[in-house]
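Asker: heads up, no residue letters with this:
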């Protein structure tokens with residue numbers, strides 16, 4: 001992947017988010033804060049763009065959330081000076097699961113349980129927007145979106161997707177830049193393995209190639225317009241390229257249902273009508 005100017009990207013995202021809210025006539029934002037790198041970066045961008053008093057973070061731990069993720073999220077909110085609330089979803093989740101077990105005669109699949117948690121969180125966040133007039137800002141990145149690693153009507157909800165034109169490895173670069181200005185993102189958020197924490201001991205790499213391997217392939221296919229065969233000729237393993245292409249094609253229906261994104265480059269995943277340009 002080519003050189004990446006984190007300072008320029010950060011400035012564009014801050015400016016773009018501020019302009020988006022101004023055009024909507026809105027001041028307040030809400031986001032789900034998980035303790036992971038994506039929501040940490042989006043929270044920092046929002047606090048800078050809108051002012052810390054206009055950003056509210058909601059932590060929604062489930063039975064599968066780790067203690068360190070919750071403490072990292074609380075620490076981040078404190079470092080940024082943004083207000084936060086903790087709304088555990090275990091009770092709601094367990095009630096849903098009891099009903100689903102009856103519906104499916106006890107055969108509730110793992111993916112059903114995982115997506116259920118994301119949709120409970122999405123419902124709570126949207127309830128907050130209805131009750132306060134705030135806008136929900138989304139925290140999904142381009143790598144996840146391209147792979148379909150997100151839940152419709154759950155963690156893909158929002159009025160604007162802040163980092164949807166940033167690959168995961170680029171999100172880490174922006175996070176490190178933010179901390180070079182002021183250390184607000186906890187070190188453990190930067191170093192722990194990415195995880196959706198929707199089942200015990202889950203890691204993103206259980207479902208996807210490691211981001212350091214995935215992102216160059218996605219970049220070549222998306223930004224550079226290369227075809228799969230040319231990537232194989234350049235030395236990428238065919239099994240990897242074929243897997244990535246299959247996942248991209250299989251998740252394209254989700255892309256067409258995404259909210260607007262803050263566009264940074266010339267090759268966003270969504271149609272032009274869903275792009276809010278930051279350049």
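Answerer: Structure's in. What do you need? Quick caveat: nothing in here was measured; it's all calculated off a predicted structure.
Asker: Please name the residues that touch residue 212.
Answerer: residue 169 (CB atoms under 8 Å, 6 or more residues apart in numbering). Bear in mind the C-beta positions are built from the backbone N, C-alpha and C, glycine included.
Asker: Kindly report the same for residue 6.
Answerer: 170, 173-174, 176-177.
Asker: Can you tell me which of these is closest to residue 265?
Answerer: residue 170 (10.3 Å; CB to CB).
Asker: what helix or strand is the nearest residue to the closest one once chain neighbours are set aside on?
Answerer: Closest residue to residue 170 apart from its sequence neighbours, by CB to CB, 6 or more residues apart in numbering: residue 4 at 5.5 Å. Using DSSP states H and E, residue 4 sits within no helix or strand.
Asker: Quick check, pLDDT for residue 4.
Answerer: As summarised for this prediction, residue 4 has a pLDDT of 91.
Asker: Same check on the one 10 residues further on?
Answerer: Residue 14 is assigned a pLDDT of 98 by the prediction.
Asker: by contact count, what packs against the top helix by length along the chain?
Answerer: When the chain is parsed with DSSP state H, its longest helix is helix 110-132. For helix 110-132, the packing partners by 3 or more CB pairs under 8 Å, 6 or more residues apart in numbering; DSSP states H and E come out as strand 29-32, strand 55-59, helix 90-103, strand 135-138.
Asker: what's the angle from the longest one to helix 110-132?
Answerer: Computed with axes from the mean of the first three to the mean of the last three CA atoms, to 10 degrees, the direction of helix 90-103 lies at 130 degrees from that of helix 110-132.
Asker: Point out the most buried one among the helices and strands packed on helix 110-132.
Answerer: Mean neighbour count (mean count of other CB atoms under 10 Å) peaks for strand 29-32 among those, with a mean of 26.
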